[in-house]
Each structure stands twice: as C-alpha cells, then as structure tokens.
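1. with the sequence up front, the predicted model follows.
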Amino acid sequence: MSNERKGFGDQKREQKSDTVEVMLSAVTDGEIIPIEEVQDDLFSQKMIGDGYAIKPSSEIVYAPVSGKLIEVADAKHAYYIETDGGLKVLIHIGIDTLLMNGEGFQTSLRKNDRVEKGAQLATFDQKLISEKGFNTVIPVIVLEHDSVLSLETLPEKKAIARETDALKITLTR
C-alpha cells in the first residue's frame with residue numbers, strides 16, 4: 001500500500017547502488033495520506049514538491065528531520081528545514097492558514113535555529129482552525145532537489161509523532 005514516485009517532474013532515474021535512504025517521521029499524531037489526496041492544488045499537484053500529508057489528531061508538530069530552520073513563517077504556520085545534505089523540507093500546518101495571521105499558532109523557534117529530528121516545532125489550535133473554515137491537514141513537502149531518486153509514502157491510519165515513518169526518500173550520494 002505504498003505510494004512510490006520516481007524523481008521529480010520529468011526527471012526519471014534508475015536506482016543505483018550508490019544511494020542513501022532518508023526517512024521522514026510523522027510530524028504529529030494522526031493519519032498519513034498521500035500528498036495527492038490533499039484538497040489544495042498547490043500540494044496535491046506537487047507544484048512546489050512532493051511528499052506526504054497527515055490528518056492530525058494532536059496539536060503538536062515535530063521536526064521530521066534534523067537540520068537548520070531556513071524559514072519560519074511570520075504567521076507561524078509554515079517551517080522550512082534544510083538538512084545537512086541540502087534537502088529542504090516544508091512543514092505546512094493547515095491549508096490557507098496563512099490567512100489566520102498567526103492566530104492559534106505558537107512557536108519559540110526562529111529562522112536559522114538548528115532543530116533535531118523529533119524536536120517540537122509548534123503547537124496549533126485545531127478547533128480554532130476548523131471554526132475559521134480552514135482544513136487542518138498538514139502537508140510535508142520535499143522541495144525539488146537533484147539528488148532525489150524516489151519518494152515513497154508510507155500510509156498509516158494511526159501514526160504516532162516522531163515514531164512512525166511517513167516518507168522514504170532515496171537519494172544519490
């Protein structure tokens with residue numbers, strides 16, 4: 001029941017023995033779904049990259065990988081982490097939640113902070129997001145990168161934050 005995609009866009013490459021796998025963990029408790037199921041074209045059509053999404057059952061979001069926070073949105077709804085290997089990962093809490101201007105989101109992190117896999121990124125008010133008419137699904141996107149050979153979503157109905165593997169990324173070395 002995995003959802004494997006080779007490369008990004010039109011870039012098709014065969015896997016070679018000189019590859020490395022990176023696992024992204026679930027960013028919160030909930031149900032992991034393929035990115036294509038997100039009800040927003042920007043994410044479902046992979047306009048900024050490929051990845052997975054999670055329907056949250058918790059209000060705490062954790063880093064799926066270790067790296068440097070290269071961006072923390074002013075509205076505290078989006079976080080970009082760059083790994084030591086140069087892979088960039090976007091964690092976007094909710095759909096169109098930028099329009100909430102930070103209401104219902106909390107973080108103490110700032111741009112250029114170092115985060116370890118499993119560290120808390122933010123908390124959010126799921127009820128408030130829903131009451132304001134926004135979708136609470138959390139897309140986790142790997143931005144396009146030349147070393148990415150394939151991505152495989154590992155759907156899980158009862159994912160546990162920091163413990164459940166959500167996305168397997170195969171990279172060239």
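-> All right, it came through fine.

2. contacts and neighbour counts: CA atoms only from here.
-> Fine.

3. what pLDDT does the model give residue 29?
-> pLDDT, residue 29: 98.

4. in the chain, which residue is most central in space?
-> Centrality entry for the chain: nearest residue to the mean C-alpha point is residue 140, 1.5 Å, by Cα atoms, centre = their mean.

5. where does that residue land in three-state SS?
-> Using DSSP: H, G, I helix; E, B strand; the rest coil, the structure places residue 140 in strand.

6. that one reaches residue 92, doesn't it?
-> Yes. Residue 140 is within contact range of residue 92, at 6.5 Å (criterion: Cα atoms under 8 Å).

7. returning to that earlier point: for the residue nearest to the centre of the chain, report the pLDDT, please.
-> Predicted confidence (pLDDT) for residue 140: 98.

8. swap in residue 144?
-> Here the pLDDT value assigned to residue 144 is 84.

9. next: residue 8.
-> Residue 8 carries a pLDDT score of 44 in this model.

10. and what of the one 4 residues further on?
-> What the model reports for residue 12 is a pLDDT of 41.

11. which residues of the protein score low on pLDDT?
-> 1-17 (pLDDT under 70).

12. rewinding a little: tell me which helix or strand the nearest residue to the residue nearest to the centre of the chain once chain neighbours are set aside sits in.
-> Distance criterion Cα to Cα, 6 or more residues apart in numbering; nearest residue to residue 140, sequence neighbours excluded, is residue 91 at 4.6 Å. Assessed by DSSP states H and E, residue 91 sits inside strand 88-92.

13. so what strands line up beside that strand?
-> With DSSP bridges as the test, strand 88-92 is paired with strand 78-82 (antiparallel), strand 138-143 (antiparallel).

14. pick the most buried one from the ones you listed.
-> strand 138-143 (a mean of 25; mean count of other Cα atoms under 10 Å).
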